[in-house]
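Participant: need coordinates for the following:
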Amino acid sequence: MSKIPLALQNPDFRFVLLGKWDKWKNKETNESVEMSEEFYEEMKKEPVWQPLGKAPFEKAWQENSYAYNHAKLIKHVKEGNNFGVIGGYGNLRILDIDDSDLGEALQKKLDTFTIQTGGGGRHFYFISDYEENHVLVNELGELRAKNYQVVSAPCKHPSGNFYQVINDTKIKEISAEELKELIKPYLREKLEIEFKDRPKDTSGSGLEYRRVLALIREGKSKEQIFNEMNKYTKWATHGSKFPEYRELTYTNALEYYEADEKKGEKDKDEKYKLIWEGDLQNYEIDDKEWLVDKLIPTRSVCVLTGKRGTMKTFIALQMAYSIASGEDFLGKFQTKQGGVLYLDKENGLNIMKRRTKMIKKGLDLEEDVPIGFICFSQLKIDKNTDIWAIEEEIVKNDIKLLIVDTYRRGISFDENDAGAVSQLFVDNLRPIAERSNFSIILIHHNRKSGQGAGDEMDEIRGSSDLANYADIILKTERKEGGIILKQLKNRNAAEEKPIKINVRFNEEEELVEMGYEGIYERQTQEMRCVEILSLWFAEKGIKTFTTTQAKEIAFSKGIKKNNFHNALKDLISTGIIKKDLKGVYLVI
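Facilitator: All right, here's what the predicted structure looks like:
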């Protein structure tokens with residue numbers, strides 16, 4: 001009994017039996033070995049080895065738990081085995097902080113029963129009505145509020161260090177609101193997507209489904225997967241009463257995996273395909289179609305770039321709603337109807353809610369369309385587990401376009417790292433776009449120093465490999481009262497000429513309207529001067545003017561002397577003005 005800290009000797013609390021501190025289990029062979037602390041650093045690098053000193057070994061342990069004075073628990077502890085405390089019983093909540101710096105900082109302001117872990121972290125204990133489990137950002141730790149356990153003091157960590165009580169005081173009682181406010185700065189966004197008129201996923205917890213799928217991909221057997229999943233709450237509790245939940249979750253994950261393998265079996269069977277010259281002309285290739293006619297092909301990876309303030313997000317949303325509704329983009333470019341997934345890393349739900357409302361009003365769309373939004377999540381498109389989770393949503397919801405806003409915030413590496421960019425395209429983006437039949441738009445920014453001279457693709461921020469690997473590059477610019485959309489690169493066809501987009505933006509009316517205004521032809525200085533002077537004639541009611549007066553107007557707008565005189569000649573030749581006296585002109 002002396003082994004269990006006094007603060008935890010509460011008849012409402014419950015405990016779980018764990019293994020011995022120096023025992024490790026091979027998850028593939030089920031072999032168990034004893035390893036002293038000197039081998040800890042080496043063993044923890046091998047994912048196949050599991051430390052039994054931190055793992056429950058009884059089935060349905062959340063329900064088959066023990067009070068602090070249970071004879072079986074007392075005997076287990078006396079034999080030198082570890083034990084854990086389960087969150088939830090008696091409203092006990094445990095804030096498990098893995099980061100030692102954060103643990104020390106919180107310890108200074110939290111006066112509650114606290115244990116220092118064998119790994120240098122902290123376990124802060126509370127009594128609270130708050131009962132939602134959380135995983136904190138950046139691997140800082142977890143809130144184990146219900147049906148999750150932590151190792152107790154004075155157990156021994158696999159490293160040889162002991163768990164020790166460092167604040168032996170009463171467990172603090174706090175409200176649900178106080179506990180939520182405490183952990184709020186460290187919470188990660190949940191992956192929650194809602195698609196209108198789509199069936200709900202009834203196969204159980206999305207977390208457990210994704211974990212089962214990951215284990216199948218690792219080549220684990222059904223028995224190994226079922227054993228591994230016993231440490232997950234719903235699998236262990238709900239699954240013990242209703243075994244069909246486990247079977248259904250496993251079957252759905254296996255069916256998805258097998259379908260995925262079937263689609264990619266050519267790539268799996270062959271690392272490369274050798275085609276002889278004599279067979280090349282007759283070799284059949286699946287032709288790409290257009291998701292947005294002449295602008296975005298199917299199964300492609302595209303970049304939408306431009307300076308800040310050039311309405312990249314609005315144009316991407318306009319394209320998204322056009323595709324989701326099957327309407328022509330800008331009233332000009334035909335689309336292939338399908339779902340859209342918008343991975344928003346920059347704006348947040350409030351801004352996206354306002355902007356999508358403006359876009360829908362401008363398109364006169366009242367009905368719901370199949371567009372899903374994930375805002376401010378921790379998902380990274382270069383991380384396998386994250387891209388697999390995204391791909392599952394894409395397949396499940398028949399997504400035809402994934403928009404990542406922005407590219408920089410959607411990756412975990414330095415955007416200037418050419419090798420990482422190459423790996424992103426070769427290992428992640430291209431394979432999933434091909435096998436799951438959807439396109440990707442990466443919204444990105446131009447360099448701040450870009451002045452428009454030379455190759456415009458060189459203005460794109462980061463490694464040049466981004467432009468090299470992209471199938472399509474679109475660029476937005478603000479010019480002449482509108483937005484210019486340029487196609488700088490098209491791997492499948494000749495680049496389209498730049499188009500001018502007429503934009504009507506009215507925040508008071510909560511409205512954005514966009515329309516195709518035609519091919520954009522770059523305006524010369526002479527043409528611009530003609531436009532400036534013609535506008536002056538109309539707005540000021542000019543009937544007669546001198547060369548000096550016209551010069552003042554033109555030069556104030558940056559027009560050069562030669563361009564000015566050529567513009568006057570153009571105005572005369574087109575019959576807009578005529579010469580009256582020397583240095584004097586009449587407006588016709």
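Participant: tell me the domain ranges of this structure?
Facilitator: Following automatic domain parsing, the chain resolves into domains at 6-186, 206-268, 290-519, 525-587.
Participant: start to end distance for the third one?
Facilitator: Distances were taken as Cα to Cα, to the nearest Å; on that basis the terminal residues of domain 290-519 are 20 Å apart.
Participant: going along the chain, name the strands of the stretch 101-250 of the chain.
Facilitator: 114-116, 122-127, 134-135, 141-144, 149-151, 164-167, 172-173 (DSSP state E, counting those that start in this stretch).
Participant: ok, which of those strands comes nearest residue 541?
Facilitator: Residue 541 lies closest, by Cβ to Cβ, to one member of those: strand 134-135, at 68.7 Å. Just so you know, the C-beta spots here come from the backbone N, C-alpha and C atoms, and that holds for glycine as well.
Participant: distance from that closest one to the middle of the chain?
Facilitator: Relative to the centre of its chain, strand 134-135 is centred 18 Å away, using Cα atoms, centre = their mean, to the nearest Å.
Participant: next: stretch 517-532.
Facilitator: 41 Å.
Participant: buried ones in it?
Facilitator: Neighbour-count burial for stretch 517-532 flags 517, 520, 525, 526, 528, 529, 530, 532 (criterion: 16 or more other Cβ atoms under 10 Å).
Participant: can I assume residue 338 is in contact with residue 399?
Facilitator: Yes. Counting by Cβ atoms under 8 Å, residue 399 is a contact partner of residue 338 at 6.9 Å.
Participant: who's more crowded, those two?
Facilitator: residue 399 (24 against 19; other Cβ atoms under 10 Å).
Participant: how near is that one to residue 387?
Facilitator: With the distance defined as Cβ to Cβ, to the nearest Å, residue 399 ends up 13 Å from residue 387.
Participant: if I look at those two, which residues touch both of them?
Facilitator: When Cβ atoms under 8 Å, 6 or more residues apart in numbering defines a contact, no residue borders residue 399 and residue 387 alike.
Participant: list residues touching both of residue 338 and residue 399?
Facilitator: residue 438.
Participant: now residue 308: how far from residue 544?
Facilitator: Taking Cβ to Cβ, one finds residue 308 at 44 Å from residue 544.
Participant: so what's residue 127 closest to, chain neighbours aside?
Facilitator: Spatial nearest neighbour of residue 127, excluding adjacent residues (Cβ to Cβ, 6 or more residues apart in numbering): residue 173 at 4.3 Å.
Participant: next one, pLDDT for that neighbour please.
Facilitator: Looking at residue 173, its pLDDT stands at 95.
Participant: that one reaches residue 126, doesn't it?
Facilitator: Yes. Under the criterion of Cβ under 8 Å, residue 173 makes contact with residue 126 at 7.3 Å.
Participant: look at these two and report which has more neighbours.
Facilitator: Under the criterion of other Cβ under 10 Å, the comparison of residue 173 against residue 126 puts residue 126 first, with 23 against 12.
Participant: show me the beta-bridge partners of the more buried one.
Facilitator: residue 93, residue 172 (DSSP bridges).
Participant: distance of it from residue 142?
Facilitator: 14 Å.
Participant: now do residue 220
Facilitator: 24 Å.
Participant: same question, residue 120
Facilitator: Relative to residue 142, and taking Cβ to Cβ, residue 120 is found at 16 Å.
Participant: got a list of what the residue lying closest to residue 470 once chain neighbours are set aside touches?
Facilitator: Nearest residue to residue 470, sequence neighbours excluded (Cβ to Cβ, 6+ apart): residue 303, at 4.6 Å. Neighbour list for residue 303: 407, 441, 442, 444, 460, 466, 467, 470, 472, 473, 474 [criterion: Cβ under 8 Å, 6+ apart].
Participant: partners of the fifth one in the sheet?
Facilitator: Right, the one you point to is residue 460. residue 446.
Participant: likewise the third one?
Facilitator: Beta-bridge pairing for residue 442 (DSSP bridges): residue 303, residue 404.
Participant: does it touch residue 312 like I think?
Facilitator: No. In this structure, residue 442 is not within contact of residue 312 by Cβ under 8 Å, at 10.7 Å.
Participant: who touches both of these two?
Facilitator: By Cβ under 8 Å, 6+ apart, residue 442 and residue 312 have these common neighbours: residue 304.
Participant: for the most centrally placed residue in the chain, what are its contacts?
Facilitator: The centroid of the chain falls nearest to residue 379 when counting by Cα atoms, centre = their mean (3.9 Å). Counting by Cβ under 8 Å, 6+ apart, residue 379 touches 191, 343, 386, 389, 390, 410.
Participant: likewise residue 575?
Facilitator: With Cβ under 8 Å, 6+ apart, residue 575 has these contacts: residue 588.
Participant: assign a three-state SS to it, would you?
Facilitator: Here residue 575 is recorded as coil under DSSP: H, G, I helix; E, B strand; the rest coil.
Participant: re the thing from before, so which of the contacts of residue 303 are in strands?
Facilitator: Judged by DSSP state E, the subset of the contacts of residue 303 located in strands is 441, 442, 472, 473, 474.
Participant: which one of the residues you listed is nearest residue 421?
Facilitator: residue 442 (10.8 Å).
Participant: any idea how far the closest residue to residue 370 other than its chain neighbours is from residue 10?
Facilitator: In space, residue 370 comes closest to residue 339 once its chain neighbours are excluded; the distance is 3.9 Å by Cβ to Cβ, 6+ apart. Using Cβ to Cβ, residue 339 is found at 51 Å from residue 10.
Participant: between these two, which one's more packed in?
Facilitator: residue 339 (23 against 15).
Participant: give me phi/psi at that one?
Facilitator: Main-chain torsions, residue 339, degrees, to the nearest 10: phi -70, psi 160.
Participant: bridged to it, which residues?
Facilitator: Residues in beta-bridge contact with residue 339 (DSSP bridges): residue 399.
Participant: show me what contacts it?
Facilitator: 195, 324, 370, 371, 372, 397, 398, 399, 400, 401.
Participant: same check, this time on residue 456
Facilitator: Residue 456 touches 475, 486, 488, counting by Cβ under 8 Å, 6+ apart.
Participant: which of those sits closest to residue 65?
Facilitator: Out of the contacts of residue 456, the member with the shortest distance to residue 65 (by Cβ to Cβ) is residue 475, at 60.8 Å.
Participant: quick one: contacts for that closest one?
Facilitator: Residue 475 neighbours (Cβ under 8 Å, 6+ apart): 304, 305, 306, 446, 456, 485, 486, 488.
Participant: now the third one: closest residue in space, sequence neighbours ignored.
Facilitator: Right, residue 306. Here the residue nearest residue 306, using Cβ to Cβ, 6+ apart, is residue 476, at 3.6 Å.
Participant: that neighbour bridge partners, please.
Facilitator: Where residue 476 sits in a bridge, its partners, by DSSP bridges, are residue 306, residue 485.
Participant: what segments of the stretch 351-500 of the chain are strands?
Facilitator: 371-375, 399-405, 439-443, 472-479, 482-490, 499-506.
Participant: would you turn the ones you listed into JSON lines with mean pLDDT and distance to residue 352?
Facilitator: Output for the strands of the stretch 351-500 of the chain, formatted as JSON lines (pLDDT from 0 to 100; distance: least, Cβ to Cβ, whole Å):
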{"stretch": "strand 371-375", "mean pLDDT": "94", "distance to residue 352": "6"}
{"stretch": "strand 399-405", "mean pLDDT": "96", "distance to residue 352": "9"}
{"stretch": "strand 439-443", "mean pLDDT": "98", "distance to residue 352": "13"}
{"stretch": "strand 472-479", "mean pLDDT": "93", "distance to residue 352": "19"}
{"stretch": "strand 482-490", "mean pLDDT": "93", "distance to residue 352": "20"}
{"stretch": "strand 499-506", "mean pLDDT": "90", "distance to residue 352": "17"}
